[in-house]
Each structure stands twice: as structure tokens, then as C-alpha cells.
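Chemist: just the structure for this:
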Amino acid sequence: MARASVTPALFYQDPKSAIAWLEKAFGCEVAMLIETPEGQLSHSELSFGDGLLMVGSEWHEDTRSPKSVGGKNTQFLHLHVEDDLDGHCARARAAGAEIIQEPATQFYGDRTYRCKDPEGHIWTVGQTVRQVSREEAEQASGLKIQGWV
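Modeler: Purely as a prediction, here's the structure:
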């Protein structure tokens, strides 16, 4: 796999459990896992489609799981699936995700849902279900859109 141009890193109190959960709930796959001789996670990379995600522990006072800071998030993560978004949502729910937005089709042509993982990271998962032009999206949303690809 080619290296992604941008790879987010998430911090967890229990990164090994988080990796297992991300595999079960979302279908992520371990691309790299490095452990210390004591069995502590030193570095990990998970793949999802053509993207990578690093999962690590709270190794510094500035690297915290939402669980350690009252559930606060400074970003959301977005996964894009090719098909069966509703099935993906059911899989995540069965694995213990808190669904905070049920699947719904958006004005820009994607069907999305939003959830929290066991430590409180917020994820949005989307599937393109309809190609929409910028003009159609502007009309549906009432917003001016720049840079539509």
C-alpha cells in the first residue's frame, strides 16, 4: 500500500482494545503493529480502503482520549464506504458504537451516519448514493458552495 498523504492518529486509554474494536465495528485491518518487549503498544497503523489511521496510547499530557477529557473531541473522523452503509451502521451498533445520527441521505448525495466509539471518538461514515452537481447541492442547501469536485 502506498503511504497516505495525511494519516490521522488517535489516542486511546486502551489502544489494543481500540484496535480490536475498530476491526470488529468498522472493518479496519492492522497494517502495522509494533510492541515493546513488555507487550505494550509502541506504534500501530490500521488500513481502511486506501486510507491509514494510527492508533496509540496516551503517551504525553497533550495526547488524550476523549474518555480522559470529559468526552470532548477536537475533530471527527470520516470513513467512506462503497456500499451498504446501513449494514455498516448495524455492524458498528452491534459492536457497541453509540449511534448519534441514524443513517440519512444528505443534500450532497451521500448517505451518512455518525457514531461514537467506546472511548468517545466521533466518526462519520458515508456512502455516495447519488451524484449531485454543485448547482443541485446549492439549491437543496440554500448555501453557496466553492471548490466542488
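Chemist: only C-alpha atoms from now on, for both contacts and neighbour counts.
Modeler: Noted.
Chemist: mind telling me what element A20 is part of?
Modeler: Under the criterion of DSSP states H and E, A20 resides in helix 15-26.
Chemist: and that helix, which residues are buried?
Modeler: By 16 or more other CA atoms under 10 Å, the buried positions in helix 15-26 come out as 15-16, 18-19, 21-26.
Chemist: average model confidence for the next helix or strand after it?
Modeler: Downstream of helix 15-26, the first helix or strand assigned by DSSP H and E is strand 29-35. Mean pLDDT, strand 29-35: 95.
Chemist: the helix or strand just after strand 29-35: partners in the sheet, and parallel or antiparallel?
Modeler: For strand 29-35, the following helix or strand on the C-terminal side (DSSP H and E) is strand 41-48. The strands beside strand 41-48 in its sheet (DSSP bridges) come out as strand 29-35 (antiparallel), strand 51-57 (antiparallel).
Chemist: between these, which gets nearest to Y113?
Modeler: Closest to Y113 of the strands paired with strand 41-48 is strand 51-57 (CA to CA; 19.1 Å).
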